[in-house]
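Engineer: pasting the sequence and the predicted coordinates here, then a few questions.
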Amino acid sequence: MEAINSRLLSWASILDEETRRQALATATLPFIYPHLALMPDAHLGKGATVGSVIPTVGAIIPAAVGVDIGCGMIAVRTQYTQQDLPKDLARLRVAIERAVPLSAGHFNRSVTPTARPRLAELRRMAAAAGFDPARYAANWELQLGSLGSGNHFIEVCADENYAVWLFLHSGSRGVGNKIAQRHIAEARALALRRNTALPDRDLAHLEEGTTEFQRYIRELRWAQHFALLNREEMMDRLIQQFEKWIGGPVRELERINCHHNFTAQETHYGKAVWVSRKGAIRAQAGDPGLIPGSMGTASYVVVGLGNRASLNSSPHGAGREYSRTAARKTFSLTQLKAAMQGIEFRPREAFIDEIPAAYKPIDVIMRDSADLVRVRHKLRQLVNVKGD
């Protein structure tokens, strides 16, 4: 850990100057307390740095949560081993791609039986919060159980003991994005009216006690829960397809579901603060967690160590070294295929910006995290599914 100054602590051994400057700018805001914690996977983000833990007193920065509210990971350890699996991994990949809507803007054509109780729960929660999600996305119910695109994925993996894990990454989809965009815009407008000087307009905040703040918190919590249930719904569908393919039931030995884009009220250094983790997971002592690498490198199942200085946090993944635009200009489909050797996936030009070389080395990230988490399992991909 490096103390860049009294307001910014960093666990990142790989940190470019632009990202460093962005984090320093956020750390200067007057309501940051006690300091901003920069995770090993930190990289440039919109407004606030991805891979940062931002504790605030009496305020929240909507852009510091991000536009994919509640984005995170879910994993299930099965009773099967790699040796139990049929050879035809492509058949499983295609079945998963048919069962889960992939890509931005794609959603279910009808409500599935497993989704009905989850949607009923979300309707009750929205009514209690006093808002209608249909104001943001008329088809929000059909979005539950859909993956999205970018770095979202579904995978079948094996750990160091050859145990088979089912693993996926997604968030609150279009409805969560619309909720986030509305409140980011509202915070900007309020900053303009207050004539607030900001290092970046996306660091505009909402003040605790105001109507705007309370509305954001209610809708944020709903979107975070939507994201959690979205992952549960996709995991259930993944299990169904896996069971059909392997010809037997899945016995869940454990299930872990954790956010890495979210806000929660916590107590740190003797004060109640709002902790916005933008690309970071909570890692209190004993907390189970999931830290994925890129689509062709290892992922990790971890347990939190409760590091006080990190505000009980850890990284959420490998963290980008190349922007999406730079990756598309730098790498080729041939290089992506070579990097994915031995992993069943759908080779597409659209996935070039997700090539492992566009990310920081996950093993470096985990070395930097040695005082944040303890590694329980190291996972290697067997099957990878992504949306365009």
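Structural biologist: Nice, I can see it.

Engineer: what ranges does the stretch 1-150 of the chain have for its helices?
Structural biologist: 17-27, 62-65, 89-99, 115-129, 140-143 (DSSP state H, counting those that start in this stretch).

Engineer: and the third one, what other elements does it pack with?
Structural biologist: Read it as helix 89-99. Helix 89-99 sits against strand 153-158, helix 211-246, strand 373-386, with contacts defined as 3 or more CB pairs under 8 Å, 6 or more residues apart in numbering; DSSP states H and E. C-betas here are computed from N, CA, C, even on glycine.

Engineer: tell me the most buried of those?
Structural biologist: Highest mean neighbour count of these: strand 153-158, a mean of 25 (counted as mean count of other CB atoms under 10 Å).

Engineer: which neighbouring elements make contact with the very next helix or strand once past that one?
Structural biologist: Next helix or strand after strand 153-158 toward the C-terminus (DSSP states H and E): strand 163-170. Contact analysis of strand 163-170 by 3+ CB pairs under 8 Å, 6+ apart lists strand 72-81, strand 153-158, helix 211-246, strand 373-386 as its packing neighbours.

Engineer: rewinding a little: in JSON lines: the helices of the stretch 1-150 of the chain, plus mean pLDDT, mean neighbour count and distance to residue 310.
Structural biologist: JSON lines is the format used below for the helices of the stretch 1-150 of the chain (pLDDT from 0 to 100; neighbours: other CB atoms under 10 Å; distance: least, CB to CB, whole Å):
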{"stretch": "helix 17-27", "mean pLDDT": "95", "mean neighbour count": "18", "distance to residue 310": "14"}
{"stretch": "helix 62-65", "mean pLDDT": "94", "mean neighbour count": "28", "distance to residue 310": "16"}
{"stretch": "helix 89-99", "mean pLDDT": "97", "mean neighbour count": "17", "distance to residue 310": "35"}
{"stretch": "helix 115-129", "mean pLDDT": "97", "mean neighbour count": "15", "distance to residue 310": "31"}
{"stretch": "helix 140-143", "mean pLDDT": "97", "mean neighbour count": "22", "distance to residue 310": "33"}
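
Engineer: turn these into TSV, columns for distance to residue 356.
Structural biologist: Shown next, in TSV, are the helices of the stretch 1-150 of the chain (distance: least, CB to CB, whole Å):
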stretch	distance to residue 356
helix 17-27	20
helix 62-65	27
helix 89-99	19
helix 115-129	33
helix 140-143	29
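
Engineer: and the ones you listed: which comes nearest residue 245?
Structural biologist: Comparing the helices of the stretch 1-150 of the chain by their distance to residue 245 (CB to CB), the top pick is helix 89-99, with 4.5 Å.

Engineer: for residue 133, find the nearest of the helices and strands packed on helix 89-99.
Structural biologist: helix 211-246 (7.2 Å).

Engineer: so for the closest one, mean pLDDT?
Structural biologist: Across helix 211-246, the average pLDDT comes to 98.

Engineer: so how far is that helix off the chain centroid?
Structural biologist: 12 Å (CA atoms, centre = their mean, to the nearest Å).

Engineer: skipping its backbone neighbours, what lies nearest residue 72 in space?
Structural biologist: Closest residue in space to residue 72, ignoring its immediate chain neighbours: residue 259 at 4.1 Å, by CB to CB, 6 or more residues apart in numbering.

Engineer: per-residue confidence for that neighbour?
Structural biologist: Reading off the model, residue 259 has pLDDT 95.

Engineer: wait, isn't residue 280 in contact with residue 39?
Structural biologist: Yes - here residue 280 reaches residue 39: they are 5.0 Å apart, a contact under CB atoms under 8 Å.

Engineer: what do those two both touch?
Structural biologist: Overlap of the contact sets of residue 280 and residue 39 (by CB atoms under 8 Å, 6 or more residues apart in numbering) consists of 51, 52, 53, 313, 314, 315, 316.

Engineer: which secondary element of this structure has the worst mean pLDDT?
Structural biologist: One helix or strand of the chain scores below all others by mean pLDDT, DSSP states H and E: strand 2-5, with a mean of 86.

Engineer: sheet partners, orientation included, of that one?
Structural biologist: Counting by DSSP bridges, the strands paired with strand 2-5 are strand 8-10 (antiparallel).

Engineer: now do the partner strand, average pLDDT.
Structural biologist: 97.

Engineer: likewise stretch 371-384?
Structural biologist: 98.

Engineer: follow-up on the earlier one: buried subset of the shared contacts of residue 280 and residue 39, written for PyMOL?
Structural biologist: In PyMOL, a selection of the buried entries from the shared contacts of residue 280 and residue 39 looks like this (16 or more other CB atoms under 10 Å):
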select buried, resi 51+52+53+313+314+315+316
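
Engineer: residue 344: which of the shared contacts of residue 280 and residue 39 is nearest?
Structural biologist: Residue 344 lies nearest to residue 316 out of the shared contacts of residue 280 and residue 39, by CB to CB, at 24.9 Å.

Engineer: the closest one contacts residue 279, correct?
Structural biologist: Yes - Residue 316 lies in contact with residue 279 (CB under 8 Å); the separation is 4.8 Å.

Engineer: shared neighbours of the two, anything?
Structural biologist: 39, 41, 51, 260.

Engineer: scan those residues and report the most crowded one.
Structural biologist: residue 51 (34 neighbours; other CB atoms under 10 Å).

Engineer: the closest residue to it other than its chain neighbours and residue 16: what is the separation?
Structural biologist: In this structure, residue 51 finds its nearest non-sequential neighbour in residue 42, 3.6 Å apart by CB to CB, 6+ apart. According to CB to CB, to the nearest Å, residue 42 stands 9 Å off from residue 16.

Engineer: so these two - more neighbours on which side?
Structural biologist: Between residue 42 and residue 16, counted using other CB under 10 Å, residue 42 has the larger neighbour count: 30 against 13.

Engineer: what's near enough to touch that one?
Structural biologist: Applying CB under 8 Å, 6+ apart, the residues near residue 42 are 10, 12, 15, 19, 23, 49, 50, 51, 52, 279, 319.
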